[in-house]
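S.K.: Have a look at this prediction, sequence included:
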Amino acid sequence: MTRPALDLPWTHVGDLYVDGAWRPAHGTGRLPVVDPATGETWGSVPDASREDVDDAVAAAVAAFRSGPWPRTSPSERAEVLLRMADELEKRAEQLSWTNTRENGSPIAETSGAAANAAGILRHVASLAPWLEAEDVRPFPAGGAETVVRRDPVGPCVLIAPWNFPINLMVIKLAPALLAGCTVVMKPAESTPLSIRFVVEAAAAAGVPAGVVNLVTGGGAVGEALVRHPDTAKVAFTGSTPVGRRIGAACGELLKPVTLELGGKSSAIVLEDADLDAMAAVLVRSSMRNTGQTCYISTRILAPASRYDEVVEMVTATIAAGKQGDPFDPDTVFGPLATRSQRDVVVGFLEGAAAEGARVTVGGAAVDGPGFFVQPTVLADVTPSMTVAREEVFGPVISVLRYDTVEDAIALANDTSFGLGGLVFSASPERALEVAERMDTGSVGINFFASNHAAPFGGRHDSGLGVEYGVEGLSAYLSFKSIHRKV
Ligand code: NAD
C-alpha cells in the first residue's frame, strides 16, 4: 500500500497542548495510533493523567477569567476565525493524510476535511453581527425595557468521536470561540493526531494562549473533563450509551450539555422515485465513509411493487464501489476505523444471516491485514431483525419492503433514534409531505447533506440540542437580562 511520507515529529513525542504551548504529559502512559488499513501502529500519544486534565482546565479557566479572548468583540473574534480558516486550508494535505492514516477514511473523503472545516469557521464568523446586535426588548406593560446580553457560557469541554475527527470537533470549536468561550478538546483515542493541525491553525491565526487546549486519552479522560468542577459546558458527539452517561453527569452537576448521538435512519423510496438519480447519491446518503456516518439512511424502505428493482439497483451500486487502500483516490470504501469496530460489524452480519436476511453483495470480513469488511447489502430484512433496529456503523445496508406509504412512515418512525432520513420521489409535494411526518432531526429529499446555516441534531436516543446555525451557536451562550426603567 502507498503511504505518503509524513513529516510529523509529534506523532512520537506526542505532547499535549496546554496554555498556548506543546508540552509533555505528566505521566508516562501512551496510547498507540494504528493504521486501520494495515493494522500497523505508526504513532502514539499521551494517555493524559488527572494532573494533565487539571492543567488544561486551569489554562482554559484562567484564559476565560482574565485573558483577552472573552473581552474582545464578536467581530474581532470573527476576524481570528477567518484567519484560522485560511491557516487550516494551508495544512489541508497533511491533515488529510493524517486523518486517513488514523481512521482509514478514503482520501477522497478526507481531502475535503480542511475545506469543510474552513467553511464551518467562515460561516460561524458570519454570525458575529447576530451575536453583537443590540437586543433591547420593551416590557409589554411599558415603562421599562430589558437589555438581553449574550455572554459566553465559560470554559467548554469538546469531545469528538473517530469517524469525522476534524468536522465534529470544529463544529463545536468554531461557535465556542465566536461566543468568547475557552475550550479543552478531547479527540477519540484512535484519532488524536489530525486535530493537531486545527490547534496549529488556531495558534497561527492568533488565538491567545489558554483559549484552545488539547488533551488526549480515552473515556476516563473525557469523564474527568465532564465532571471537572471548573468546566462550564460539555459538547459531545459519540455513541448513545456514552451520551447517556455524560448527560446523567451533567444533569447531576447542572452543567449545560449538547449530545449528538447514534442513529438508525431510513430512506423511504416512493413508488415514483427515479432510481438512477437515487443510485447517484446512494453511497453518500447510505454508506458514506464506509458506513461510519451517524446520519446515513442504512434502512432502505422500498415499495413492494418495486422491491426487486430497488434491491437490484442498490446491490449494483454498492458492488461498483472500489474497496481497498484508502490512500488510493479511486477508493470508495476503506477499512473500518478500528479492529473492535470491524468485529462489531461482523457480529451484525452473522446475526443477520442467522435471522434470515439475504446477502446480495458482500457479507463478510476481508482476509489479510487491516480491518476491512466487504460493503454489504441485505435483502428480505424485516423490521424486527437486529440489523434493522440497531446502529451498525459499518458498510451494511438493509432493504425492507412496505405496502403503503403509511406503513413506510410508521416503519421509519419505529426506532428509538431520530437523527436523519431521506425521501426519494419525483414529486416535491409528496416528498415534502412524507418528510414532514418523519420523526427525526433532519430529512433530505432526493439527497442528504448538512447545511452549516441550519440546525443539525437528533431526537430521542439520537441526542439533545443541535449544532450548526445560530441555534448551534446559542449552546455556547449564557443569556442575561438587564432590566431598566425608561
Ligand atoms: P464513543 O461514544 O465510544 O466515543 C466518543 C468519544 O467519547 C471519544 O472521544 C471517547 O474517548 C469519549 N468517551 C468515552 N467514554 C466517555 C465517558 N464516560 N465520558 C466522556 N467521554 C467519553 O463513540 P465512537 O465509537 O467514538 O463514535 C461512534 C458513535 O458516534 C456512533 O454511535 C455514531 O452514531 C456517533 N456519532 C454521532 C454523530 C452525530 O452528530 N449525531 C456524528 C458522528 C458520530
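M.R.: Arrived safely.
S.K.: mind listing what the closest residue to Ala117 other than its chain neighbours touches?
M.R.: In space, Ala117 comes closest to Val170 once its chain neighbours are excluded; the distance is 4.1 Å by Cβ to Cβ, 6 or more residues apart in numbering. Any C-beta I mention is one placed from the backbone N, CA and C, and that applies to glycine too. With contact set as Cβ atoms under 8 Å, 6 or more residues apart in numbering, Val170 has these partners: Ala117, Ile120, Leu121, Val198.
S.K.: so which helix or strand takes in Val170?
M.R.: Using DSSP states H and E, Val170 falls within helix 167-179.
S.K.: tell me which residues of that helix are tucked away?
M.R.: Residues of helix 167-179 classed as buried by neighbour count (16 or more other Cβ atoms under 10 Å): 167-179.
S.K.: and which of these is nearest the ligand?
M.R.: Leu168 (5.7 Å; Cβ to the nearest ligand atom).
S.K.: Any stretches of the stretch 351-486 of the chain with poor pLDDT?
M.R.: Scanning the stretch 351-486 of the chain for pLDDT under 70 picks out no residues.
S.K.: So which residues of it form strands?
M.R.: Applying DSSP state E, counting those that start in this stretch to the stretch 351-486 of the chain gives strands spanning 358-361, 376-379, 396-402, 422-424, 444-445, 463-464, 477-485.
S.K.: Show me what the last one is in contact with.
M.R.: Residues from elsewhere that reach strand 477-485, judged by Cβ under 8 Å, 6+ apart: 139, 143-154, 179.
S.K.: Partner strands of that strand and their direction?
M.R.: strand 144-152 (antiparallel) (DSSP bridges).
S.K.: So what are the sheet partners of the following helix or strand past the strand it pairs with and their directions?
M.R.: Downstream of strand 144-152, the next assigned helix or strand under DSSP H and E is strand 156-159. Applying DSSP bridges to the sheet, strand 156-159 is found paired with strand 183-186 (parallel), strand 233-237 (parallel).
S.K.: how far out from the middle of the chain is strand 156-159?
M.R.: Counting by Cα atoms, centre = their mean, to the nearest Å, strand 156-159 is centred 13 Å from the centre of its parent chain.
S.K.: residues in contact with it?
M.R.: With contacts defined as Cβ under 8 Å, 6+ apart, strand 156-159 is touched by 60, 169, 172-173, 176, 181-186, 222, 225-226, 228, 231-238, 246, 476.
S.K.: Tell me how many other residues surround Thr28.
M.R.: Neighbours of Thr28 under the rule other Cβ atoms under 10 Å: 9.
S.K.: Okay, it and Pro152: tell me how far apart.
M.R.: Thr28 is 36 Å from Pro152, where distance means Cβ to Cβ, to the nearest Å.
S.K.: before we move on, what about Pro175?
M.R.: Here the criterion is Cβ to Cβ. By it, Pro175 lies 10 Å from Pro152.
S.K.: shared neighbours, these two?
M.R.: Here Pro175 and Pro152 have Tyr476 as joint contacts, going by Cβ under 8 Å, 6+ apart.
S.K.: quick one, what contacts Leu400?
M.R.: With contacts defined as Cβ under 8 Å, 6+ apart, the neighbours of Leu400 are Arg299, Ile300, Leu301, Ala302, Val381, Thr382, Pro383, Ala388, Leu411.
S.K.: Out of those residues, which sit inside helices?
M.R.: Ala388, Leu411 (DSSP state H).
S.K.: What subset of the contacts of Leu400 is buried?
M.R.: Buried among the contacts of Leu400 (16+ other Cβ under 10 Å): Arg299, Ile300, Leu301, Ala302, Val381, Pro383, Ala388, Leu411.
S.K.: okay, these in a markdown table with distance to Glu271 next?
M.R.: Formatted as a markdown table, these follow (distance: Cβ to Cβ, whole Å):
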| residue | distance to Glu271 |
| --- | --- |
| Arg299 | 18 |
| Ile300 | 14 |
| Leu301 | 12 |
| Ala302 | 10 |
| Val381 | 20 |
| Pro383 | 20 |
| Ala388 | 21 |
| Leu411 | 15 |
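S.K.: Take the residues you listed and write them to TSV, including distance to the ligand.
M.R.: Below are these laid out as TSV (distance: Cβ to the nearest ligand atom, whole Å):
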residue	distance to the ligand
Arg299	14
Ile300	18
Leu301	20
Ala302	24
Val381	20
Pro383	20
Ala388	16
Leu411	20
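S.K.: Return the distance of the nearest residue to Pro165 once chain neighbours are set aside relative to Met169.
M.R.: Using Cβ to Cβ, 6+ apart and skipping residues adjacent in sequence, the residue nearest Pro165 is Thr191, 3.8 Å away. To Met169, Thr191 is 9 Å away according to Cβ to Cβ.
S.K.: Also His452?
M.R.: His452 is 15 Å from Met169, by Cβ to Cβ.
S.K.: Nearest to Leu282 among the contacts of Leu400?
M.R.: Lowest distance from Leu282 to those (Cβ to Cβ) belongs to Ile300, with 8.7 Å.
S.K.: quick one: contacts for the closest one?
M.R.: Ile300 neighbours (Cβ under 8 Å, 6+ apart): Ser266, Ala267, Val269, Ser286, Val310, Val314, Ile397, Ser398, Val399, Leu400.
S.K.: List the contacts of the fourth one.
M.R.: This means Ser286. Ala267, Ile296, Ser297, Thr298, Ile300, Val314, Ile397.
S.K.: list the contacts for the fourth one?
M.R.: With contact taken as Cβ under 8 Å, 6+ apart, Thr298 is in contact with Lys264, Ser265, Ser286, Met287, Gly291, Val392, Val396, Ile397, Ser398.
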